[in-house]
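>>> just coords:
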DNA sequence: CTTAGTTGCAACATTGGTGTTGCATCTACT
DNA sequence: AGTAGATGCAACACCAATGTTGCAACTAAG
């Protein structure tokens, strides 16, 4: 809880916007309990929508333990709610990447650390993060930015001789994203082990060396 | 067109059911032009729903170039339409696998051929195929069946020394599926090259041999 | 304590999608 | 050519989800 509020302010200063989520109230500060309610709703929405993207506001409200009217009081519309989720998740995502990404660390170390960090976010905010093509230009910018960073990292890995020189960097990134998506569906909670498995698979594949 | 009808009959004999799609007409044979309309609708639905899963019947009908009422005449409900798509795609899928799968061919050859074959179906029927958890038990059976075949193939590959003995077969299959999903999003039409790239990535990864 | 903010509840209006029907027109098949 | 089947169109009923409002009860914060 405390951590969440911290992240809000952190990301607000990063994003340069007043509030991450689109609340109905046109800019007035929310009382502490209301702020908590907003978070509860966002988390419930993620939980419900990741299972059923067509779920109704009623189901989301129920999962959050609030009345449907409360949801509508905090989010102007269904779209606004989803946009808020996307914005929130995107900021978590950006924070996770920025905390681990480094152009100076050895590519392999950077890759492993970023992977573990991103996996944690992806597991909790899978639905919201899958909406990279959002109406919010800020969200699009962050995703494009991270994607660029990712390919840059792979290029550097290629120069260092970690990645094969004959593989297309874009393809490598797509494979990486696909593996993250798949790994995030796992049930265990050991994200470090998961990240290790993921990176190992990404680099070595599942075959023996003498293959082909 | 001709090929489509052929496949229908082929799969009907395989599946053991009267009709693949759930038409409204309770069992009467459709006139040839109506049969074509059904196909057109299924293809349009796939095209539209793969872009927007929440698209309306109106949009589907428009994409198919028919009136909305016609869609409702052929499919009892929205669910029935989607189920029909799933059933159809699943049969294409099963056919593609069965045509290429072999327990006698070298695992690597089998893997490559199945991949290319499945990719072709997946590119055209991505939405319908993503609905593996269908109400239709036949669909679930086929998917479970293919999945089992897949893991069996990987086990065999492990025994032959093509797959590393320390990788979990289930994980290998999940990675394989994830790569197919990702590769199917590509735009080019050279499925053979795509399959080659996919299998190469699956087995060798994107890293150099000396990695780790 | 006081007040402004928050919430639940009940009731309501609205809307977009779904599914149905009747009829006129057209067409595949015999 | 004749007929059963297929389609388009307009009109309708229906419903579930969305979004709104007023009010009473509660509570965080000064």
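All right, it came through fine. Just so you know, these numbers come straight off a predicted model, no measurement behind them.
>>> Near DNA strand C, which residues of chain A are found?
When proximity is defined as C-beta under 7 Å from any atom of the strand, chain A approaches DNA strand C at A:25, A:28, A:30-31, A:33-34, A:37, A:65-67, A:69-70, A:73-74. C-betas here are computed from N, CA, C, even on glycine.
>>> Could you give me the ChimeraX selection string for whichever of the residues you listed are buried?
Remark: buried members of those, expressed as a ChimeraX selection using 16 or more other C-beta atoms under 10 Å in any protein chain shown:
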select /A:37,66,70,74
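>>> Of the residues of chain A next to DNA strand C, which pair is most distant in space?
Across the residues of chain A next to DNA strand C, the longest distance by C-beta to C-beta is 24.2 Å; it joins A:28 and A:65.
>>> Show me the residue at the heart of chain A, geometrically.
residue A:93 (3.9 Å; C-alpha atoms, centre = their mean).
>>> doesn't residue A:121 make contact with that residue?
Yes. Applying C-beta atoms under 8 Å as the test, residue A:93 and residue A:121 come out as touching, 5.4 Å apart.
>>> list the residues that contact both of these two?
residue A:129 (C-beta atoms under 8 Å, 6 or more residues apart in numbering or on different chains).
>>> The closest residue in space to residue A:65 that isn't next to it in sequence: neighbouring residues, count only.
Spatial nearest neighbour of residue A:65, chain neighbours left out: residue A:40 (7.1 Å); criterion: C-beta to C-beta, 6 or more residues apart in numbering or on different chains. The tally of other residues near residue A:40 (other C-beta atoms under 10 Å in any protein chain shown) stands at 15.
>>> element containing residue A:40, please.
According to DSSP states H and E, residue A:40 maps onto helix A:32-51.
>>> right, is that helix up against DNA strand D?
Yes. Using C-beta under 7 Å from any atom of the strand, we find that helix A:32-51 touches DNA strand D at A:32-33.
>>> Could you pull out the buried residues of that helix?
A:35, A:37-39, A:41-46, A:48-49.
>>> how close does residue A:155 sit to residue A:115?
17 Å (C-beta to C-beta, to the nearest Å).
>>> Mind checking which of the two has more residues around it?
residue A:115 (25 against 14).
>>> contacting residues around stretch A:130-137?
Contacts of stretch A:130-137 (C-beta under 8 Å, 6+ apart): A:79, A:82-83, A:85-87, A:90, A:139-140, A:143.
>>> which among the residues you listed end up buried?
Judged by 16+ other C-beta under 10 Å, buried ones among the contacts of stretch A:130-137: A:82-83, A:85-87, A:90, A:139, A:143.
>>> Under the pLDDT cut-off, which ranges of chain A? List them.
Along chain A, segments meeting pLDDT under 70 span A:1-27, A:210-212.
>>> Could you tell me which residues of it lie near chain B?
Contacts of chain A with chain B, taken as C-beta under 8 Å from any C-beta of the partner chain, map to A:53-54, A:108, A:161-164, A:167, A:171-172, A:174-175, A:177-179, A:181-182, A:185, A:197, A:200-212.
>>> what do you get if the cut-off is 7 Å, keeping everything else the same?
A:54, A:161-164, A:167, A:172, A:174-175, A:178-179, A:181-182, A:201-209, A:211 (C-beta under 7 Å from any C-beta of the partner chain).
>>> Which of these are buried, as a PyMOL select command?
To isolate the buried members of the residues of chain A next to chain B in PyMOL, using 16+ other C-beta under 10 Å:
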select buried, chain A and resi 162+163+164+167+172+174+175+178+179+181+182+201+202+203+204+205+206+207+208+211
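>>> can you tell me which of the residues of chain A next to chain B are in helices?
A:172, A:174-175, A:178-179, A:181-182, A:201-204 (DSSP state H).
>>> sorry, back to before: return the subset of the buried ones among the contacts of stretch A:130-137 lying in helices.
Using DSSP H, the members of these that fall in helices are A:82-83, A:85-87, A:90, A:139, A:143.
>>> Show me what stretch A:166-173 is in contact with.
A:147, A:150-151, A:154-155, A:163, B:206 (C-beta atoms under 7 Å, 6 or more residues apart in numbering or on different chains).
>>> Which of these sits closest to DNA strand D?
Nearest to DNA strand D, judged by C-beta to the nearest atom of the strand, of those is residue A:147 at 30.6 Å.
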